[in-house]
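Visitor: build the 3D model from these lines:
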Amino acid sequence: MSGPIFIVLDSETTGPDEHDQPVEVGYCITGLGCTFSYASSLVKPTIPITPGASAIHHLLDEDLMDAPPLADALADLKLIGATTWDAEAYVAHNAPFDRPKLSMLDDKPWLDTLRMSRRYLPEAPSHSNQFLRYYLHLDVPRDLPAHRTLCDCLTTAALLRHLLNGPARDDFERLGVEGFVKHVDSPLLLTMCNFGKHAGKRWSEVPTDYLSWILRQRDFDPDVAFTAQHYFRLQ
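Guide: Numbering: from 1, shown residues only. Alright, predicted model coming up:
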C-alpha cells in the first residue's frame, strides 16, 4: 500500500447544537485510489434525540437502548486504543461540527472536505456532501441510506479522492499533508454569493452597501466575512 492513508469520519447526533452528542459514529479508511475498510456503531447518548435530528437520520431513542457509550464505540471500531491504521489525518465533511463531538480523536490533523470543495469547486451550486455525490457522479454504494454514517463516510472518501487526484492535486503534492491542512483551513475568497437578494451573483458584482451590511453582522460564516471584506476594500 503506497501513498497517504486517511481516516474518514462521520457522526450523527442528538441535534445540531454544541451540547448535542453522537448517536452513531462511522469511519472508512481510504488512500488516493480506493477505500480499504469501513464500519459504524450506534452510540448511546446521555440526552434524548431531538425530532429534527430524527427527521434527518431516522434514529430514535429506543434504537440506542443497547448501544455502547462513545468511548466504547470508538474502541470497538479500533479508532482509539489498539488502532491498526497508520493514517496521516482524519477527514470529515464540515470538520468543525464532527471534531468537537469526537474530541478523543486528537492525535492527527483534521482535513475538512467541505472547505476543500469550496476552494477547489467554487462553481458548484452546493457543497453539501450528498449534493456533490451526484454532481460529481461519485462512486458510492446506492444501498446505504443517506445521512447515516457509513454512506456519508464513503461519500466523503470518494469526494476526497476526487479532489486530491484532480483540482487539489498540485497543492497537495507541493505542501504535503500538514501543509495542505493549513492551506485548506486558511480564509477562503469565495466566488459566488449563494444567499440573500444577491444570490447567484459573483462576489465581485455584489454592491458596496450589501457588503457593508454583511460586515456589520456577527454571525456570518468566516469565509463570507473574509470575502465581503476583500471586495468592500476594492470598491
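
Visitor: distance check, the residue nearest the centre of the chain against L114.
Guide: Note on the chain: the residue nearest the mean C-alpha position is H93, at 1.0 Å, using C-alpha atoms, centre = their mean. As defined by C-beta to C-beta, to the nearest Å, H93 lies at a distance of 5 Å from L114. No exception for glycine: its C-beta is placed from N, CA and C like everyone else's.

Visitor: intersection of neighbour lists for the two?
Guide: N129 (C-beta atoms under 8 Å, 6 or more residues apart in numbering).

Visitor: give me the nearest residue to V206, chain neighbours excluded.
Guide: Once flanking residues are discounted, V206 sits nearest to H198: 5.0 Å by C-beta to C-beta, 6 or more residues apart in numbering.

Visitor: phi, psi for the one you found please.
Guide: Backbone geometry at H198, expressed as degrees, to the nearest 10, gives phi -110, psi 20.

Visitor: tell me how many other residues surround it.
Guide: Here the neighbour count serves as a burial measure; for H198 (other C-beta atoms under 10 Å) it reads 16.

Visitor: A55 now?
Guide: When neighbours are counted by other C-beta under 10 Å, A55 registers 9.

Visitor: buried residues in the helix or strand hosting it?
Guide: In this structure, A55 sits in helix 51-57 according to DSSP states H and E. Going by neighbour count (16 or more other C-beta atoms under 10 Å), the buried part of helix 51-57 is A53, S54, H57.

Visitor: now stretch 17-34
Guide: Across stretch 17-34, burial judged by 16+ other C-beta under 10 Å covers D20, Q21, P22, V23, E24, V25, G26, Y27, C28, I29, T30, G31.

Visitor: wait, a helix at M104?
Guide: No. Residue assignment for M104, taken from DSSP: H, G, I helix; E, B strand; the rest coil, gives coil, which places it outside any helix.

Visitor: and the gap between it and S54?
Guide: Spatial separation of M104 from S54 under the definition C-beta to C-beta is 25 Å.

Visitor: coming back round to it: ok, the buried residues of helix 51-57 vs L175, which is closest?
Guide: Using C-beta to C-beta, the shortest approach to L175 within these belongs to H57, at 34.8 Å.

Visitor: now that closest one: closest residue in space, sequence neighbours ignored.
Guide: That would be E12: by C-beta to C-beta, 6+ apart, it lies 4.3 Å from H57.

Visitor: show me the beta-bridge partners of the one you found.
Guide: For E12, the residues forming beta bridges with it (DSSP bridges) are E24.

Visitor: my guess is it contacts R148, does it?
Guide: Yes. When contacts are counted by C-beta atoms under 8 Å, E12 is listed as touching R148 (6.6 Å).

Visitor: quickly list what's touching both of those two.
Guide: Overlap between the neighbourhoods of E12 and R148 consists of E24, H57, taking contacts as C-beta under 8 Å, 6+ apart.

Visitor: between the two, which one's more packed in?
Guide: Shown here are E12 and R148; by other C-beta under 10 Å, E12 has more neighbours (25 against 18).

Visitor: which residues touch that one?
Guide: P22, V23, E24, V25, A53, I56, H57, L59, H147, R148, T149.

Visitor: how near is the closest residue to the fourth one other than its chain neighbours to M192?
Guide: Once flanking residues are discounted, V25 sits nearest to S11: 5.0 Å by C-beta to C-beta, 6+ apart. Plainly put, S11 is 29 Å away from M192 if you go by C-beta to C-beta.

Visitor: and what of F180?
Guide: In this structure, F180 lies at 24 Å from M192, with C-beta to C-beta as the measure.

Visitor: which of the two has more neighbours?
Guide: Neighbour comparison, F180 and M192: the larger count goes to F180, with 21 against 16 (by other C-beta under 10 Å).
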